[in-house]
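> structure for this input, please:
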Amino acid sequence: GGNKLEVWEEKEKVLRYLIDSTVPGLTLPLAHFRDSSQLFNSIEDHEIKLGGAMSEHDALFLYCRVLCLEKDEMLGGALDTARRLQGLGSVSQRNEEHAAQVILRVIEGKEAKMPTTLEHDEELLSGGELSFNMVQALRFRVRRKRLLRECRDALKKRLEGMDAS
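Sure thing, here's the model as predicted:
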């Protein structure tokens, strides 16, 4: 009903504060989304353009935390919520866990769709006898797979740490 729409509108306001705000004292950790007209596209096909002071990992996590906000986590309004989130502060452990699980599912989905494993690509690279173009393509694939694996491992650690606390 209208309730869900209100929650989405509030989330969008929070994102706008983090992207393009003139409010004094608000850093803009997601300013690089400014050019993205498709803020709420499915995150699976969101090739997020990243830049700025934040690491890719943190920016993606912050973006997911906004998407995962529940109504009761935004009671102080969009600006208050944005202020609590901006320095990677926490709104709730539930929100952090939910966001980490969403990203983990996306990463595992991307990994599952890849036709070869990281180890297979590394083996091909070390085998020699490849054209220049093939070497470049393999290096790109290896870098991407390593990044996904590092993110996945970091998120799993983060989730395990949350379970422990």
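> packing partners of the longest helix along the chain?
For the chain, the helix with the greatest residue count under DSSP state H is helix 132-164. Here helix 132-164 touches helix 93-113, helix 118-126, going by 3 or more C-beta pairs under 8 Å, 6 or more residues apart in numbering; DSSP states H and E. (C-beta placed from N, C-alpha, C; glycine too.)
> what packs against the first one?
Based on contacts counted as 3+ C-beta pairs under 8 Å, 6+ apart, the elements that helix 93-113 packs against are helix 56-67, helix 132-164.
> same question for the shortest one.
Contact analysis of helix 118-126 by 3+ C-beta pairs under 8 Å, 6+ apart lists helix 132-164 as its packing neighbours.
> flag every buried residue along the helix it packs on.
By 16 or more other C-beta atoms under 10 Å, the buried positions in helix 132-164 come out as Leu138, Arg141, Val142, Lys145, Leu148, Cys151, Arg152, Leu155, Arg158.
> so which of those comes closest to Thr116?
Comparing the buried residues of helix 132-164 against Thr116 with C-beta to C-beta places Arg141 closest, at 7.5 Å.
> ok, that closest one touching Asp121?
Yes - Arg141 is within contact range of Asp121, at 5.2 Å (criterion: C-beta atoms under 8 Å).
> what residue is smack in the middle of the chain?
Centroid-nearest residue in the chain: Leu60, 2.1 Å away (criterion: C-alpha atoms, centre = their mean).
> could you report the pLDDT at that one?
pLDDT for Leu60: 74.
> just to revisit the earlier point, save the buried residues of helix 132-164 as CSV, and put in distance to Glu6 too.
Formatted as CSV, the buried residues of helix 132-164 follow (distance: C-beta to C-beta, whole Å):
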residue, distance to Glu6
Leu138, 49
Arg141, 43
Val142, 45
Lys145, 40
Leu148, 35
Cys151, 32
Arg152, 34
Leu155, 30
Arg158, 30
